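J.: Task: produce atomic coordinates for the following.
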Amino acid sequence: MESVAHITSEEKYPIVATHLESARREISRSCPPISVSPGCSGTCCSTTPSTTSSYPPPIMWGGPSAGFALALNTMSALLRIPLCIDFGITGAPTKGVRKDEVGGSVIIGGHRKKTEKVLLYLRRMYMPLQNYKDLEPEFLIGYWQRQKDIITMTHFADLMPEVLFLDDTHNTLREELIEKRIAYKIEKYYATQTTPSLKEEIIQTKKRMRKRAEEEILRRVNAIHLYLLDSDREKYIFHEQIFQTYMKD
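T.: Residues are numbered from 1 along each chain as shown. Okay, here's the model as predicted:
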């Protein structure tokens, strides 16, 4: 197997992209086209109120505001990382505001109606920050009191760690984050005495989750890269086989 220590990150991405494009063409030839009924909204969600993982990923519905849902499902399918099935999401990605942001979110329509439908069954709803600001505090507190939450997202990299189903440690961190974030919002709403460390605990938990998620994604992308560089590789194998053979601990 050829060493890749001398290859930069910029040189890796075209190789991986070529492999994924080849896989896309092969899938297009093998699978019949899927039709989507006109009434579907741009929200990705499950109808099962559970915190367990979902693989294959949850059902996707088409539409301009399904951009984040499509991105999550594509990443989950290609890298074989399950998604949680206790959330809904609406919003379309665009260029990030800051250089370290990937996939900034843009404002969409119908967010209140989508939220009401999603939170009938699930406990989390993600939407762009601009849309969240349009919701009344009285509307939000009704969900917080039932331990459900509406969460803002400014870019894809901030969203992704909260919805990936990695392992027990990551699941524990996510449960802590959900609980602390709702408690913090309720304290702010009622203007009661706040827990001094709560905001910092939320920030640190999010940082830990993002670090763990990005490390796992890079491990899998690098495994695909090593597979493509291996001149003796077996062609037309499943992604699971690639990860089992080439992914490093």
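J.: any idea which helix or strand comes after the helix-or-strand element of the chain with minimal mean pLDDT?
T.: When the helices and strands of the chain are compared on mean pLDDT, DSSP states H and E, strand 53-54 comes out lowest with a mean of 50. Per DSSP states H and E, the first helix or strand lying C-terminal to strand 53-54 is helix 67-79.
J.: Can you list the buried residues in that next one?
T.: The neighbour-count check on helix 67-79 (16 or more other Cβ atoms under 10 Å) flags Gly67, Phe68, Ala69, Leu70, Ala71, Leu72, Asn73, Met75, Ser76, Ala77, Leu78, Leu79 as buried. Glycine gets a C-beta too; all of them are placed from N, C-alpha and C.
J.: so which two of those are the farthest from each other?
T.: Gly67 and Leu79 (18.3 Å; Cβ to Cβ).
J.: got the angle between the longest helix belonging to the chain and helix 67-79?
T.: Secondary structure of the chain read by DSSP state H shows that its longest helix is helix 198-229. Computed by axes from the mean of the first three to the mean of the last three Cα atoms, to 10 degrees, the angle separating helix 198-229 from helix 67-79 equals 50 degrees.
J.: and helix 198-229, which residues are buried?
T.: Under the neighbour-count criterion of 16+ other Cβ under 10 Å, helix 198-229 has 201-202, 205-206, 208-209, 212-213, 216-217, 220-229 buried.
J.: What of stretch 230-239?
T.: For stretch 230-239, a neighbour-count test (16+ other Cβ under 10 Å) marks His239 as buried.
J.: Can I get that stretch in CSV? Just the C-alpha atoms.
T.: The C-alpha trace of stretch 230-239 is given here as CSV (Å, rounded to 0.1, in the frame of the first residue of the first chain):
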residue,chain,number,x,y,z
ASP,A,230,-3.9,0.9,-3.3
SER,A,231,-2.9,-0.5,-6.7
ASP,A,232,-3.8,-4.0,-5.5
ARG,A,233,-7.2,-3.1,-4.2
GLU,A,234,-10.3,-5.2,-4.8
LYS,A,235,-12.7,-3.3,-7.1
TYR,A,236,-16.4,-2.9,-6.6
ILE,A,237,-16.5,-3.6,-2.8
PHE,A,238,-18.9,-2.3,-0.2
HIS,A,239,-17.9,0.8,1.8
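J.: Please renumber the chain so that the first residue is 593 from this point on.
T.: Taking 593 as the first residue, the last one we looked at is stretch 822-831.
J.: Average pLDDT for it, rounded please.
T.: The average of the pLDDT scores along stretch 822-831 is 90.
J.: what does stretch 670-687 give?
T.: On average, stretch 670-687 scores 86.
J.: Which positions in that stretch come out as buried?
T.: 670-671, 673-685.
J.: which ones among those are found in strands?
T.: The members of the buried residues of stretch 670-687 that map onto strands under DSSP state E are Leu675, Cys676, Phe679, Gly680, Ile681, Ala684, Pro685.
J.: Quick check: beta-bridge partners of the first one?
T.: Using DSSP bridges, the beta-bridge partners of Leu675 come out as Ser646, Leu756.
J.: OK, contacts around Met717?
T.: Shown in contact with Met717 (Cβ atoms under 8 Å, 6 or more residues apart in numbering): Phe679, Gly680, Ile681, Thr682, Lys706, Thr707, Val710, Leu711, Lys740, Asp741, Ile742, Ile743.
J.: Would you verify that it is located in a strand?
T.: Yes: the assignment for Met717 is a strand, going by DSSP: H, G, I helix; E, B strand; the rest coil.
J.: where does it land on pLDDT?
T.: Here, the pLDDT recorded for Met717 equals 95.
J.: In this protein, where is pLDDT below threshold?
T.: By pLDDT under 70, the low-scoring segments of the chain are 593-656, 686-700.
J.: Show me which residues of stretch 735-750 are buried.
T.: Buried residues in stretch 735-750 (16+ other Cβ under 10 Å): 735-736, 740-750.
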